[in-house]
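*Asks:* give me the fold of what follows.
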Amino acid sequence: MTKNNKFYTYLFSFVILTLIVIVLGCSGKKKDVVAEVGDEKIYLYEFESSYLKSVGNNVDTAKKSTLQQRKDFLNLMIKLRLKVKDAKDKGYLNLADVQEDLKSFKKSYLSTFLIDKEVVEPNIKDLYEKKKYEVRASHILVNLTATPTPEDSVKAYQKAEEIEKRLKNGDDFSTVAMEMSDDQSAKNNGGDLYYFTGGMTVPEFEDAVYNLKVGDYTKKPVRTMFGLHIVKLTDKKKRCESIRASHILIQDIKDSVTGKTTDTITSYNKIKEVYDRIKKGEDFAQLASEFSQDPGTKTKGGDLGFFDRRRMIQPFDSAAFSLKAGEVSGVVRTPYGWHIIKVTEIKEYQPYEKQHETLKSEFKRSMQYRTAYDKYVGKCRKDYKFEIKQDGFRTFASKLDSTQTIGSLKMDSLFTDQDKQIVVAEFKGGSVKIGDIMQFLIESREMSSNAALNNALVRLVESAADKQLLNLIADKEKIEKEDEYVELYKEYEAGLLRSKVDNEEISSKIKITDEDIDAYYSKNIQKYTFAENNEQKVKTVEEVKGEISQALQTEKFTELENAYVEKLKQKYPVKIFDNALEKAFKD
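*Replies:* Okay, the predicted model is just below:
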């Protein structure tokens, strides 16, 4: 893939970085009680938070849920709450393995919450403000690698100065882009990047675009990993979240053998006839069902559902997003044929509170996150006087084969127990030993593919130190006391206890005998009957023994669980408040 293609690839796709998402209610902490479980209460904000997670944080789906759907989900929450109460009463929380798991959780996630507080939250507010608008920009690219030679740098900046000089003298931006840009697509589009919004491109480029006024261009080249850019802002306007549209498609007539278009006039005349009928007031959906040649939407009156900017091919996208709800476009040409588009609904940009978790997840997948994270961690290292101890580092590096990748090295065989105690780096309040680096590599594969060269080993030591350092700072700042951390810690603790209960009170009591398997096999013999060469055959009980055992395990688990939960309801009386539940997801 060429460098220029990579720029476009990054502009409209994201590297998935999975960290942690917490939902703490969709509209503040609503204190209405939806259920009582013994002496505990389940509040409306807790119900909303859990229900939202179950529907993929889709607020619209949650709002459309029926009272029965909500009650079914609430009953699931009650069942889980009952198990946790019983587990605590039986002392499961004090078991050594549970405590060890909780200790491991703290070690793993304290630093994540610190990063959320110091890096993510401040930046997603900026992202939210940027995403209120969509921008259209053009650029002129001068190739320059991330690690150029001095000669390459001089040459690139000289070319950028020449470009700036032409623009200053009044030359048309698109003409200069077509003639001088190293982005090959500029020869056709004059450097136009079409519409995009916050979080869709690299930070330096994005900041430059959002700091311009419409019609202005950057007076100094913008440096990114792709090279030098001279950027012009051609449009900026408030954006909607997405639109819902329908269309009618008439395809061009193609040669049945070559697949090449042989007639566009006939198809154009046909779409024009349909368009004239729409203008006279005929129903769009009915005409779509009758005439559209898009098999995926024809039976739905042409409905494409909701889509956001850039989802569709550019001519279609441009026409659709210029319409208001209820408006119909003229005839639109795309490589697929001729279209008529009707926008049926516009979903406006949502308030910050409703987008908070989506923005958080999106930001953590972006290059902006990596840049902000590195900046914050770098400052932490400096503040805590992080220092690599050269003697220890040399001992560590000397035993590694630099021709191998870090992940392929068998470090357990390279370092003795005594070696593992050698300090490789220090910072105020802690140190990094060879054993810590080895443990870091077990927990993270981030650097496994890097060759064991000096620069990579330095980054490895820094990364191993970062986890310790961030946990130290999190402890100092009392992250454990903050609401979001407390919420997730309780959730994780509850999950451990539920698992313990399921194992001790239910799974351990399930016994599957050969008689059970034979009885199930006889009762469900049709499941194991099949045809082969026009002959009916039946799998033997031995062939399906594992499958039957699993089915019986599931059946017996459900049976024992229901009985166990009913007993718990006697021990911890349950009340459900429908009136409170009806208030869910109402602003």
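
*Asks:* okay, buried residues for the one helix or strand Q550 maps to please.
*Replies:* Q550 is part of helix 545-571 when elements are defined by DSSP states H and E. Within helix 545-571, the residues scored as buried using 16 or more other CB atoms under 10 Å are 548, 551-552, 556, 560-561, 564-565, 568. The C-beta positions use only the backbone N, C-alpha and C, and glycine is treated the same way.

*Asks:* could you dump those residues to TSV with distance to A451?
*Replies:* Formatted as TSV, the buried residues of helix 545-571 follow (distance: CB to CB, whole Å):
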residue	distance to A451
I548	51
A551	50
L552	52
K556	53
L560	54
E561	52
Y564	55
V565	55
L568	57
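
*Asks:* spatially nearest residue to K569, not counting backbone neighbours?
*Replies:* Among residues not flanking K569 along the chain, L82 sits closest, at 6.9 Å (CB to CB, 6 or more residues apart in numbering).

*Asks:* ok, which stretches of the stretch 151-300 of the chain are helices?
*Replies:* For the stretch 151-300 of the chain, helices defined by DSSP state H, counting those that start in this stretch occupy the ranges 173-180, 186-189, 203-210, 265-279, 284-291.

*Asks:* just those: most buried one?
*Replies:* Across the helices of the stretch 151-300 of the chain, averaging neighbours per residue (mean count of other CB atoms under 10 Å) puts helix 203-210 on top, at a mean of 20.

*Asks:* test my guess that the residue nearest to K569 contacts K567.
*Replies:* No - L82 is not in contact with K567 according to CB atoms under 8 Å; the separation is 9.4 Å.

*Asks:* hang on, the earlier thing: so which bits of the strand or helix carrying the residue nearest to K569 are buried?
*Replies:* Using DSSP H and E, L82 sits within helix 67-89. Residues of helix 67-89 classed as buried by neighbour count (16+ other CB under 10 Å): 70, 73-74, 77-87.

*Asks:* any weak-confidence spans in the stretch 351-500 of the chain?
*Replies:* For the stretch 351-500 of the chain, no stretch has pLDDT under 70.

*Asks:* so where do the helices sit in it?
*Replies:* Ranges of helices within the stretch 351-500 of the chain are 352-364, 367-383, 390-398, 411-414, 434-443, 454-476, 483-501, based on DSSP H, counting those that start in this stretch.

*Asks:* got a markdown table for those, with mean neighbour count and distance to K324 too?
*Replies:* Shown next, in a markdown table, are these (neighbours: other CB atoms under 10 Å; distance: least, CB to CB, whole Å):
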| stretch | mean neighbour count | distance to K324 |
| --- | --- | --- |
| helix 352-364 | 18 | 23 |
| helix 367-383 | 16 | 33 |
| helix 390-398 | 15 | 64 |
| helix 411-414 | 12 | 63 |
| helix 434-443 | 17 | 53 |
| helix 454-476 | 19 | 49 |
| helix 483-501 | 17 | 40 |
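
*Asks:* would JSON lines of those helices with distance to V328 be doable?
*Replies:* Listed next are those as JSON lines, based on distance: least, CB to CB, whole Å:
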{"stretch": "helix 352-364", "distance to V328": "30"}
{"stretch": "helix 367-383", "distance to V328": "39"}
{"stretch": "helix 390-398", "distance to V328": "68"}
{"stretch": "helix 411-414", "distance to V328": "66"}
{"stretch": "helix 434-443", "distance to V328": "57"}
{"stretch": "helix 454-476", "distance to V328": "55"}
{"stretch": "helix 483-501", "distance to V328": "47"}
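
*Asks:* so which of those helices gets nearest S185?
*Replies:* helix 367-383 (20.9 Å; CB to CB).

*Asks:* give me the next element, helix or strand, following the helix or strand bottoming out on mean pLDDT in the chain.
*Replies:* Lowest mean confidence among the helices and strands of the chain (mean pLDDT, DSSP states H and E): helix 3-11, at a mean of 42. Per DSSP H and E, the first helix or strand lying C-terminal to helix 3-11 is strand 33-37.

*Asks:* which other helices and strands does the next helix or strand along the chain from that following strand contact?
*Replies:* Later in the chain than strand 33-37, the nearest helix or strand by DSSP H and E is strand 40-43. If you count contacts as 3 or more CB pairs under 8 Å, 6 or more residues apart in numbering; DSSP states H and E, strand 40-43 packs onto strand 33-37, helix 67-89.

*Asks:* so what are the sheet partners of the shortest one and their directions?
*Replies:* Under the criterion DSSP bridges, strand 33-37 sits next to strand 40-43 (antiparallel), strand 574-576 (antiparallel) in its sheet.

*Asks:* most tightly packed of those?
*Replies:* strand 40-43 (a mean of 16).
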